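J.: Quick one, fold the following:
(4 chains)
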Protein chains: 2
Amino acid sequence: MDNRAKLLEQALHLFAQRGYDAIGVQEIVEHVGVTKPTLYHYFGSKRGLLEALINERLQPLIDRLAQATSNANDVPASLATIFQLYFDFAQAEPLLYRMQLAMWFSLPDNEAFQIVAVSSAQQQALLESFFVRASSFHGNMRGRQRVYAATLLGTINTYIGLWLSGAVQATPQIIHQAVQQFSYGIYS
Amino acid sequence: MDNRAKLLEQALHLFAQRGYDAIGVQEIVEHVGVTKPTLYHYFGSKRGLLEALINERLQPLIDRLAQATSNANDVPASLATIFQLYFDFAQAEPLLYRMQLAMWFSLPDNEAFQIVAVSSAQQQALLESFFVRASSFHGNMRGRQRVYAATLLGTINTYIGLWLSGAVQATPQIIHQAVQQFSYGIYS
DNA sequence: CTTTCTCTATACCGATAAGTATAGAGAAAG
DNA sequence: CTTTCTCTATACTTATCGGTATAGAGAAAG
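T.: Here you go, the predicted structure:
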């Protein structure tokens, strides 16, 4: 593992534990055992470090979501796939998911929020596009795709939060319940 | 408005805009037009300032929640009251609600999280107790009260987040939909 | 009047923030 | 061999961080 990868890994651990703002560049390089110019050589700035982390590690989630939302013929099946996909990703990258969740809920003028906002907007856009295309099967959306996408992510994150805190296990039953709970809002 | 109240007000604005960690004590006192010893006279520390903010301004929410959860005879009616109560509070104190939401989702080792965790735990406890008492009407809870309380708060916060971002209005219909969506998970 | 208490300002503390100028080590390319 | 490029360390910058020692102003209490 080269220094670049070590820096990303350590930054993830520290950001996910205490938050982006609370962690100094010095602290990251000390944990890795290098010095600041090494970090600035690879990433240019603290912000660039977080951007690299988000872009490289969160991209697989976006890619899989793009695939799962590409077909809107069978909405219930796609929803189940989407929920499963998020659970799988959160289980594979718990630190990353926890970090991006915290940053997504941080405030608008916060630097971390603005960096994560890019990938969050991508997820939101993919879901909205999915719901628009599903409207041929479920009537005209009339702008509701935005609310649907947001409540879908909200439901997903509620259950993933529950799993991250150890309150539930990631069983097929729980995932099914999450899908059903969201679906109630959509089909009613 | 005395300096103490001004400091609390300005701290709320700044914390809700950029986050607790991103705001320095100096910045707060400059906006108010006083100096640091004034702030430290009233609050002792930056942490004390946030604690005062949370304790004083979030207490009405806790109090109303305690009242709304005191009776578990009519669960659907209580749920509607609880949702309404949170919406009313978020509308009356949008900055405060946004701030506590961000802090609740911030990371475990973060100072802001630990301060907000106290009042969050109170809300969680009131809801869990409500569900336990409701079990006489809905069968044994068998530990599910924790999941119920968390998904209830998750549903509430999803809809309030939607309202805070301007995606929905706080109409009775939306509140009813939120109640129904949560209820689906409970009665199914 | 004097003492006491509450509140606030000036000026400072050591520590840390993000970021950089300079230089050198080592490998690769000519 | 020399040049060039990539990577990293020492040592430093300026600004800000949370917090405080000291002192004074003004009101209240005796």
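J.: Pull the number of nearby residues for the residue of chain A found nearest DNA strand C.
T.: Taking Cβ to the nearest atom of the strand, DNA strand C has its nearest neighbour within chain A at A:G24, 2.4 Å off. Heads up, the C-betas are built off the backbone N, CA and C, glycines and all. A:G24 has 11 neighbours, counted by other Cβ atoms under 10 Å in any protein chain shown.
J.: same deal with A:E93?
T.: A:E93: 18 neighbours (other Cβ under 10 Å).
J.: One more: A:A92?
T.: 11.
J.: Now do stretch A:86-96: everything it contacts.
T.: Contact with stretch A:86-96 is made by A:12-13, A:16, A:53, A:57-58, A:60-61, A:64, A:97, A:156, A:159-160, A:163-164, A:170, A:175, as judged by Cβ atoms under 8 Å, 6 or more residues apart in numbering or on different chains.
J.: Cross-check those against chain B and keep the overlap.
T.: A:A16, A:Y159 (Cβ under 8 Å from any Cβ of the partner chain).
J.: buried ones in whichever helix in chain A runs longest?
T.: For chain A, the longest helix by residue count, based on DSSP state H, is helix A:111-138. Neighbour counts over helix A:111-138 (16 or more other Cβ atoms under 10 Å in any protein chain shown) mark A:111-113, A:115-117, A:119-120, A:122-124, A:126-135 as buried.
J.: ok so, going back, dihedrals phi and psi, the residue of chain A closest to DNA strand C?
T.: A:G24 adopts backbone torsions of phi -90, psi 150, taken as degrees, to the nearest 10.
J.: Please give me every residue in contact with it.
T.: The contact partners of A:G24, taken as Cβ under 8 Å, 6+ apart, number zero.
J.: same question, A:Y184
T.: B:Q180, B:Q181, B:Y184.
J.: what about 10 Å?
T.: B:Q177, B:Q180, B:Q181, B:F182, B:S183, B:Y184, B:G185, B:S188 (Cβ atoms under 10 Å, 6 or more residues apart in numbering or on different chains).
J.: Does the fifth one touch B:S78 like I think?
T.: No: B:S183 is not in contact with B:S78 according to Cβ atoms under 10 Å; the separation is 11.3 Å.
J.: which one is A:E56 nearest to, not counting chain neighbours?
T.: A:L8 (7.4 Å; Cβ to Cβ, 6 or more residues apart in numbering or on different chains).
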